[in-house]
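J.: Sharing a model prediction with you, sequence too.
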Amino acid sequence: MSSNDSRRRFLQLGLAAGSSALCARFAFAAPAAGDARFVFIILRGALDGLAAVPPYADPDYPRLREQLAIGAPGTADGALALDGHFGLNPGLSFVHEAYESHEALVFHALATPYRERSHFDGQDVLESGLVLPHASQVGWLNRTAAALPPGAVHGAELGVALGQNVPLVLRGPAPIASWSPSKLPDIDDDTLQRIADRYASDPILSQRLGQALATDRMAAESSDMSSMQPSSAMPRPGAARYIETVQTAASFLKREDGPAVAVFDTTGWDTHFNEGGAQGQLTQRLAALDAALRALKDSLGATWQRTAVLIATEFGRTAAANGTRGTDHGTATAALLLGGAVRGGRVICDWPGLSARALYEGRDLKPTLDMRSVIKSVLRDHLNISPRKLDAEVFPDNAQPYLADLIRA
Amino acid sequence: MTVEVAAAIAANRFGLGARPGDLATIGTDPRGWLRTQLTVQPLLAADGLQSTAQILSGAEPIVQARRQARRARADAAAADSPAAADLAKRLPQYLRPIYLSESRARLQAALRSDRPFAERLVYFWSNHFAVSVDKIAVLGIAGSFEREAIRPHVMGRFHDLLMAVETHPAMLLYLDNQQSIGADSMVARRAANRGRTVGLNENLAREILELHTLGVDGGYTQADVTSFAKVLTGWSIGGGEGRLAGGAVGTFLFRPEVHEPGAQTVVRRRYAEEDQAQGLATLADLAIAPATANHVATKLARHFISDDPPAAAIARIAQVFERTHGDLPAVYAAVIDSPEAWDGASPKFKSPQDYVLSLGRGLSLPPESEPRILSAFDLLGQRPFSPGSPAGWPDRSSDWDGASALMKRIELSDSVAQKLGDRRDAQQLAPEILGDSLTAATRQSVARAASPAQALALLLTSPEFLRR
């Protein structure tokens, strides 16, 4: 965002004169001070839960994983200790700190209801929140917007997608902004006003333009306030591109008139070949994600205390290593929930084991926990959505139980 | 619908965007104009471009040097030495200029083509059989893959296109098949004697079934994926990128020593052929399966008709595919003959690629602006040859019409308009590139602009120019 931001000027003029419909219509809602913030991070490509959260104490784990196995805490390149049975991948040092300070929960052996092995259908189910792929063009987080308690949001943007476009999880009738850094010069007020006038008769374009202006205004104001604090995260390969994104996300979420929800997606988790063990490719990617999470906490400042970040993927990978030092598409996997609002310090799972008999279809970690149980419990306790609405509107196909105590009272 | 609207649809929806004069050329027979493009393979003049075998041969010394360095490191544990870091950079340093030349050649073809429908079909198939340069093994050869495996078969049979794709080094490397080894193959048994396990990688087999042929609901199971992966063991390439030595560098090579012996059942059919013939027979059946016809028809209809195309249109296109055993020009003719493609009722939001190409063609941008056009793909979120997943770029309006995405198009248009200043007359250009799809509102907004540059920006950001 350039400092002499003409677009912002345009908006301010418009607001002052009360003449620009755009500004009034697309200002973000102002939730009450202290409202909860929720960040959803999608790991596209199927994260290997057995490498992110290695069950090092399971007797079958080293046999199945061979050279990909990550050893017990305290051994060379060993896992970061959690509860004596599971550890964290050595790349996840910030998550580990958060776990130790009771701000991170680890879920294992969980899956969406999807039981095939297509990335694209798996992601569709993860984001739509329904049972079958391609059943809807509306995501569960967009339906959450419609279910928010009265007074929280008044028809303005509930959420922001950190990217040029909006992923399915946020798509739907409730308006959602998107933001990504721009290297192009800003456009002058008069031309922008004429474009806005031309879009007045085009519902989609006028809505999108209004959203973009409101979001850019927030980003510009945030940079004015010099709220981008230097992150204590160590620069890591691949981390730099995440850092600007999470810092901007933080600047939106910190504002009392900002969106309550942010989503961003990451790719590169499809580790068929040469996945590596404690120092391998996947560990490097996890370390980049970990650095981004650390930067998010640093940038959020006090807002971290009312934030919960859920990190999820479409499905897991085979229990055994494949023939090419990687893993193929599987079923159950791990997920992480962290933030100051999280009642952390536990691994939540009903571990099915990795014996030949215990594996799903003889090859994958068996799911014992439904992803929707985790999501809707967070939405209930963190965003205050009523269970009636959650079960009727947000996850209509789901009779799975709620989990207690994920969020601090 | 008037003839002029039909011409605009032919140029902008089926083609890559009208250049000044194109609508006059199309005239009163837009369907005929499209059909004449189905008779010639859309080859690319490969001046200065190398074949996949040449490119991979050039990379071979670097690949071998890295391999030797890795072996030496295993002894000396010198992974962080400056020499190792230097070696790691050499491969991208060699491959990136090749990637840029290929991207530029492809861009030139799109900007200058008189057969833009055929050229759009190249992009369609390249995306259907997606490889992505964010995997470095593909960085140098995504362009040659398109020239060698896609372009010569766009106006041929789907079977031949499929065979060319699945035997091309780019696809084999992208989906790891050169790594996959049958558990009972000679190589696996030898490894077992030394206490090492090697085995299958099912990546290519799964994506052929799910993305290239039957489609995700095409009636295959996990067992079919595994069997098909066994069928495809041995489909590899010569040289250092293959896991074993031997063969001509950078060309397809069947390696019998890693092939899983024995008959396999794939989607209820038993294949008892030996060696490579087993995979060829399986692919031949997949190429003409009804589920494949339906999958390809659905994707074509989504691309040329609407995000959610009517079932009747899909069925008509699929029937032609089935009846002709995948004769692609006949299938395209069925798309051209679909009345739903011509009603103009549900235009698609252009992808960034569509948008930038139509802008380049509409403004007749000169060759010296090509590097900037290439960077525009990147700015708008669609870097050439980098869909990031084997599913390719998505193809629905909602995948591309985000608020931030729209703002970037507005900023790009404005910056292009500023540069061109008064060297284009937007008022004159508007009907030439939009024909009768130009609305009175846009005509008026362009006419009332405060400057030639602003007029151009208003044309390029108009609702009808953002869609196709």
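T.: The structure has been received and is ready for your questions.
J.: what about residue 171, how many neighbours?
T.: All of this refers to chain A. Residues lying near residue A:171 (other Cβ atoms under 10 Å in any protein chain shown) number 22. In this view, the C-beta of every residue, glycine as well, is placed from N, C-alpha and C.
J.: nope, chain B please
T.: 25.
J.: Give me the phi and psi for it.
T.: phi -70, psi -40 (degrees, to the nearest 10).
J.: Do I have it right that it meets residue B:204?
T.: Yes. Look at residue B:171 against residue B:204 with Cβ atoms under 8 Å: they come within range, at 7.2 Å.
J.: where along the stretch 251-400 of chain B do the strands fall?
T.: Here the stretch 251-400 of chain B has its strands, by DSSP state E, counting those that start in this stretch, at B:252-254, B:264-266, B:269-271.
J.: circling back: which neighbours do residue B:171 and residue B:204 have in common?
T.: With contacts defined as Cβ atoms under 8 Å, 6 or more residues apart in numbering or on different chains, the residues adjacent to both residue B:171 and residue B:204 are residue B:177.
J.: All the helices of chain A, residue numbers only.
T.: A:6-17, A:21-26, A:49-52, A:61-65, A:93-100, A:119-128, A:140-147, A:189-199, A:203-224, A:240-254, A:281-300, A:371-382, A:387-389 (DSSP state H).
J.: Averaged pLDDT, the first one. What do you get?
T.: Along helix A:6-17, the predicted local confidence has a mean pLDDT of 37.
J.: what do you get for the last one?
T.: Average pLDDT, helix A:387-389: 93.
J.: How about the fifth one?
T.: Here the mean pLDDT over helix A:93-100 is 98, rounded to a whole number.
J.: who does it touch, helix- and strand-wise?
T.: In terms of contacts (3 or more Cβ pairs under 8 Å, 6 or more residues apart in numbering or on different chains; DSSP states H and E), helix A:93-100 is packed against strand A:87-88, strand A:104-111, helix A:281-300, strand A:333-338.
J.: and these as CSV, adding mean neighbour count, mean pLDDT and distance to residue A:126?
T.: Putting these into CSV (neighbours: other Cβ atoms under 10 Å in any protein chain shown; pLDDT from 0 to 100; distance: least, Cβ to Cβ, whole Å) gives the following:
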stretch, mean neighbour count, mean pLDDT, distance to residue A:126
strand A:87-88, 26, 98, 22
strand A:104-111, 26, 98, 10
helix A:281-300, 24, 94, 17
strand A:333-338, 27, 98, 10
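J.: Compare the ones you listed and give me the one nearest residue B:297.
T.: Between residue B:297 and the helices and strands packed on helix A:93-100, the tightest spacing by Cβ to Cβ is seen for strand A:104-111, at 32.4 Å.
J.: all helices in the stretch 51-200 of chain B, in order from the N-terminus.
T.: Assigned by DSSP state H, counting those that start in this stretch, the helices in the stretch 51-200 of chain B fall at B:52-76, B:82-112, B:116-128, B:136-139, B:142-145, B:158-166, B:169-174, B:186-193.
J.: Give me the distance between residue B:365 and chain A.
T.: Using Cβ to the nearest Cβ, to the nearest Å, one gets 17 Å for the distance from residue B:365 to chain A.
J.: What's the local residue count around that residue?
T.: There are 19 residues near residue B:365, going by other Cβ under 10 Å.
J.: does it really touch residue B:111, like I thought?
T.: Yes. Counting by Cβ under 8 Å, residue B:111 is a contact partner of residue B:365 at 7.1 Å.
J.: shared neighbours of those two, anything?
T.: residue B:373.
J.: returning to what we had before: go through the helices of the stretch 51-200 of chain B and find the least confident stretch.
T.: helix B:52-76 (a mean of 83).
J.: Does anything pack onto that helix? Which helices or strands?
T.: With 3+ Cβ pairs under 8 Å, 6+ apart as the test, helix B:52-76 has helix B:82-112, helix B:142-145, helix B:169-174 packed against it.
J.: Show me what counts as buried in it.
T.: B:52-53, B:55-60, B:62-63, B:66, B:69 (16 or more other Cβ atoms under 10 Å in any protein chain shown).
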